[in-house]
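A predicted structure for the sequence below; I have some questions about it.
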Amino acid sequence: MSRRTLQVFILTVFTGSARRFPCPAKCRRKIMDKPPFLTGAKIDVRRYRISTLSPVHISGSDGSVDYGQSFFRKKGDNNYIYLLDTPKFQKYLYVNHGGLDAVKRFADWIENDRNTKKGITGFLQSIGFDFNNSHKVSKGKVHAQVKDRGPTRFIRNGINRAYIPGSSIKGAIRTAVLWKILKDMRAKKSQEFDREMASFVEKHYLEFQKDGRKPKFKETFSEGLVDRLFQGFLLKSPRMTKEHAIDKKSPFTDIFKAIKIKDSTPIEEKALSEKRWDVLSLRGNPLAPYVKFPDKYFRLEAYLAAEKDKSVLFEVLVDMELLENFRESKRQPGFWSDYLIPFKNVDELMKIVFSFSSAIWRELESYYAKWPKNNCSKNIYDFYHNGVPETAMRVGWGTGLLGTTMALILKENPDLTIDKPANSGKIFKYFADKGFGFIKFGKKEIFFHKSAAPHEDQNNISVGASVSFVSGTGRNGRPAATSVQISSSTSPPLRPRHILEQLRDDVIHGRQNNFGTHVPKSAKVIRNASGKPKTPLGWITLEEA
């Protein structure tokens, strides 16, 4: 911590104010980070009413999580949280916990450790704070009951009312726009798109292959695409000066800064109910889907209400001035920068959402149509076979929007390849306990992970084995094999790397699991009273209000 920062903090301890000290240069820079044109006067607003087609769930807290720097909870008190009074707390620290050393320790925590999940409660515990003195360092307490462990709770606001967060709706809209941009880019430059996407996927593929990384792969894959497509605009305005220059990676260069989605109105308690849900595994072979945990179900608090008296409202706002600034701004040159923002107002934005939802619906209907009608998936097929509403949208947990988005994009051309022939070599190092090794190829040593080999070959990998492989690039930029086949394998001969096809079939859809068979995708579905899957999660319709 700088001497200046500590000086300001000590003054605050005794006066509750730091006004005598000017804002440090670093602070001034942060204030100037926000461009002056972010509050445009022209706002396009639409209000929508949500009606549910299937149960919606958005996870919330049970009340036991971190409350940051503002609130803390006494150990064993499941009913109340205390609002920290910072000046009182600082004086308490000085008097009861070691003078300036305690103050400095707290200041260091604010600077360095405030993002830990323990929050201020964790700091209090670390200094041996007597929670019986909570009233001496707080402004009072508010009722915030920890919910008994039971069904996964729907997200709620500060007064314990369930609602649909604007961030959840915005995330679904963002994914729809991602789909639209990628779809248009492929239509415009199909070969270049395939090549660029293959290169992008290849850079991430070994990360997916590493044990323990698979659950995070879709998230990092999505973030990479978002960085390329939605960010990096070089904004300009007559009111901007050099002081307002923004780094290309700043969130202020993200086109969704022009869009605000308000939280929904509160959900009526009578519209919430406990639902049982299953993980339905969708195999590549449509004749053999199954419920992954047939003797176990999971519980969640879900919102389901088609009646208007139980519906909720939310608003979509577009800052027209800022959006126009984005549309007229330039970006760093590159393939992923070569597109037009596909909407100019709320109506055009929502048309993209509805078109995306329709594409998802039709794809899922087609998928379930291939399954035997006496199968456990019949109810799900019937749901989709009833037809897609014109203003459908999917939100919340268990919807798998990213995977479906990429599957739709990649499905349009399932034979995309990168022009890399299979090479031949021998395994000269292999660490079976870690699942990786090296292939000798001329004078080169090519890294590989066992998951690059067909599942049936992975137990036959050994030092000295002859292999065919397709080379690529690992996370560290060094050569790595992205497909490996043992020469004695009975699996089909290795062909040139169909990396986008593998992304669709392996990465997006899932991974091998402990059941001994390859399960391309797992879907969360609601179970009915007889124990069979009944409906998918998260489908709603919108009506302009």
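Good, I have the coordinates.

Residue 529 sits in which helix or strand?
Taking DSSP states H and E as the definition, one finds residue 529 inside no helix or strand.

Helices of the chain, residue ranges please.
For the chain, helices defined by DSSP state H occupy the ranges 3-15, 25-32, 86-96, 100-112, 119-126, 166-188, 190-209, 214-230, 320-328, 346-369, 378-385, 401-411, 499-502.

which stretch in those has the least confidence?
If the helices of the chain are sorted by mean pLDDT, helix 25-32 sits at the bottom with a mean of 36.

Measure how buried residue 429 is and give me the count.
12 (other CB atoms under 10 Å). To be clear about C-beta, it is placed using only N, CA and C from the backbone, and glycine gets the same treatment.

Just give the number of residues close to the closest residue to it other than its chain neighbours.
In this structure, residue 429 finds its nearest non-sequential neighbour in residue 438, 4.4 Å apart by CB to CB, 6 or more residues apart in numbering. By other CB under 10 Å, 19 other residues sit near residue 438.

my guess is residue 438 meets residue 431, correct?
No. With contacts counted by CB atoms under 8 Å, residue 438 stays clear of residue 431, the gap being 9.4 Å.

which ones are touching residue 254?
Counting by CB atoms under 8 Å, 6 or more residues apart in numbering, residue 254 makes contact with 230, 231, 233.

Bridged to the residue nearest to residue 269 when sequence neighbours are not counted, which residues?
Leaving aside its sequence neighbours, residue 269 sits nearest to residue 162 (CB to CB, 6+ apart; 7.5 Å). Beta-bridge partners for residue 162, by DSSP bridges, are residue 156.

Same question for residue 47.
According to DSSP bridges, beta-bridge pairing links residue 47 with residue 315.

Please report the distance of the residue nearest to residue 429 from residue 428.
6 Å (CB to CB, to the nearest Å).

Over to residue 544?
For residue 544 relative to residue 428 (CB to CB), the value is 66 Å.

Which of those two has more residues huddled nearby?
Per other CB under 10 Å, whichever of residue 544 and residue 428 has more neighbours is residue 428, with 14 against 11.

what's the burial count for residue 106?
21.

Next one: the nearest residue to it once chain neighbours are set aside from residue 100, what distance?
Once flanking residues are discounted, residue 106 sits nearest to residue 93: 5.8 Å by CB to CB, 6+ apart. Residue 93 sits 10 Å away from residue 100, taking CB to CB as the criterion.

same check, this time on residue 55
From residue 55 to residue 100 the distance is 56 Å (CB to CB).

what does residue 535 give?
The spacing between residue 535 and residue 100, counted by CB to CB, is 61 Å.

if we can go back for a sec, check the contacts of residue 254 against residue 269 and report the nearest one.
residue 230 (37.1 Å; CB to CB).

Let me know whether that closest one touches residue 255 as I believe.
Yes. With contact defined as CB under 8 Å, residue 230 and residue 255 form a contacting pair (5.4 Å).

Buried ones in stretch 383-397, by neighbour count?
383, 384, 388, 389, 391, 392, 393, 394, 395, 396, 397 (16 or more other CB atoms under 10 Å).

ditto for stretch 174-188
174, 175, 176, 177, 178, 179, 180, 181, 182, 183, 185, 186.

before we move on, the earlier item: residues touching the residue nearest to residue 106, list them.
Here residue 93 is in contact with 13, 102, 103, 106, 127 (criterion: CB under 8 Å, 6+ apart).

Tabulate the residues you listed in JSON lines, adding columns for distance to residue 273.
Converted to JSON lines, those look like this (distance: CB to CB, whole Å):
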{"residue": "13", "distance to residue 273": "50"}
{"residue": "102", "distance to residue 273": "49"}
{"residue": "103", "distance to residue 273": "50"}
{"residue": "106", "distance to residue 273": "45"}
{"residue": "127", "distance to residue 273": "44"}
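
and of these, the nearest to residue 341?
Nearest to residue 341 among the contacts of residue 93, with distances taken as CB to CB, is residue 106, at 45.7 Å.

I figured that closest one was touching residue 120, is that so?
No. Counting by CB under 8 Å, residue 106 sits too far from residue 120 to count as a contact (9.5 Å).

how about the residue nearest to residue 384 when sequence neighbours are not counted, what does it touch?
Using CB to CB, 6+ apart and skipping residues adjacent in sequence, the residue nearest residue 384 is residue 365, 3.8 Å away. Shown in contact with residue 365 (CB under 8 Å, 6+ apart): 381, 384, 385, 388.

any chance of those residues in a markdown table, plus distance to residue 539?
Output for the contacts of residue 365, formatted as a markdown table (distance: CB to CB, whole Å):
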| residue | distance to residue 539 |
| --- | --- |
| 381 | 14 |
| 384 | 10 |
| 385 | 14 |
| 388 | 9 |
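
ok, which pair from those residues is furthest apart?
For those, the maximum inter-member distance is 13.7 Å, found between 381 and 388 (CB to CB).

shaky segments in the stretch 401-545 of the chain?
Along the stretch 401-545 of the chain, segments meeting pLDDT under 70 span 401-422, 454-456, 472-477, 482, 488-522.

quick one on the thing from earlier: looking at residue 55 and residue 100, which has the bigger crowd around it?
Comparing residue 55 with residue 100 by other CB under 10 Å, the one with more neighbours is residue 55, at 25 against 14.

my guess is that one meets residue 526, correct?
Yes. Taking contacts as CB under 8 Å, residue 55 lies within contact range of residue 526: 5.4 Å.

got any residues that touch both of those two?
Counting by CB under 8 Å, 6+ apart, the residues touching both residue 55 and residue 526 are 275, 302, 535, 537.

Spatially nearest residue to the third one (excluding sequence neighbours)?
What that stands for is residue 535. residue 54 (4.3 Å).
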